[in-house]
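Enquirer: How does the following fold in three dimensions:
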Amino acid sequence: MRESLRWTRDELDPDHKDGALDRMVIVGHSMGGLLTSLDDTLHAIGMGKKNLPSGIANLRVDGRFVKILDSLPMTPDVPVHSIIGNKKEAGVVGGFDGVVDYTCSHLDSVVSEKIVKSGHNVQKTAEGIREVRRILQLHRDQSQ
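Expert: A predicted model of the protein is given here:
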């Protein structure tokens, strides 16, 4: 992913005059979010990505993929935020979004974690959208 972003940046602004392109934000959802984190971590520790798993079966709490991903360090210069769905109640640790259990969604090292009353597609809810907007505004303010 990092290489794809560099290539895109070089294509759009070969002279690197547009500073906004240095402040890109990636928003990932579910398995895509995990793979985004994994790709960045693999890059940071000098490893390539081979045979990355896909599919909901790999998100089991006791699954090999989750255990390996959980053991890898987060890249310290990349802020990570979580927006997690809980079908029953907002703001309550634990719960289930209908697809992924909270224990699989939660990361200890995030900058912020917001639990929204929602099913799995939290990014489609008003509260989820407001939280993405808050995170983007925070990033903008910190990048100026």
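Enquirer: quick one: low-confidence ranges for this protein?
Expert: Residue ranges of the chain with pLDDT under 70: 1-2, 30-61, 65-66, 69.
Enquirer: got the residue ranges for the helices in it?
Expert: In the chain, the helices defined using DSSP state H lie at 2-12, 31-44, 64-71, 102-105, 126-143.
Enquirer: The residue nearest to H29 when sequence neighbours are not counted: what's it in contact with?
Expert: Excluding its sequence neighbours, the residue lying closest to H29 (C-beta to C-beta, 6 or more residues apart in numbering) is Q123, at 5.7 Å. Where you see a C-beta, it was placed from the backbone N, CA and C, and this is true even at glycine. Contacts of Q123 were listed using C-beta atoms under 8 Å, 6 or more residues apart in numbering, and they are V27, H29, I83, I129, V132.
Enquirer: and the first one, how many neighbours?
Expert: Yep, that's V27 we're talking about. As a burial measure, V27 scores 13 neighbours (other C-beta atoms under 10 Å).
Enquirer: Quick check: end-to-end length of stretch 3-22?
Expert: Start to finish, the residues bounding stretch 3-22 are 14 Å apart (C-alpha to C-alpha, to the nearest Å).
Enquirer: For that stretch, list every residue counted as buried.
Expert: By 16 or more other C-beta atoms under 10 Å, stretch 3-22 has no buried positions at all.
Enquirer: Check what contacts it and list those residues.
Expert: Stretch 3-22 is contacted from outside by M24, I26, using C-beta under 8 Å, 6+ apart.
Enquirer: again, only this time at 7 Å
Expert: For stretch 3-22, the external contacting residues (C-beta atoms under 7 Å, 6 or more residues apart in numbering) are M24.
Enquirer: and that stretch, how far from the chain's centre?
Expert: Computed by C-alpha atoms, centre = their mean, to the nearest Å, the chain-centroid distance of stretch 3-22 equals 22 Å.
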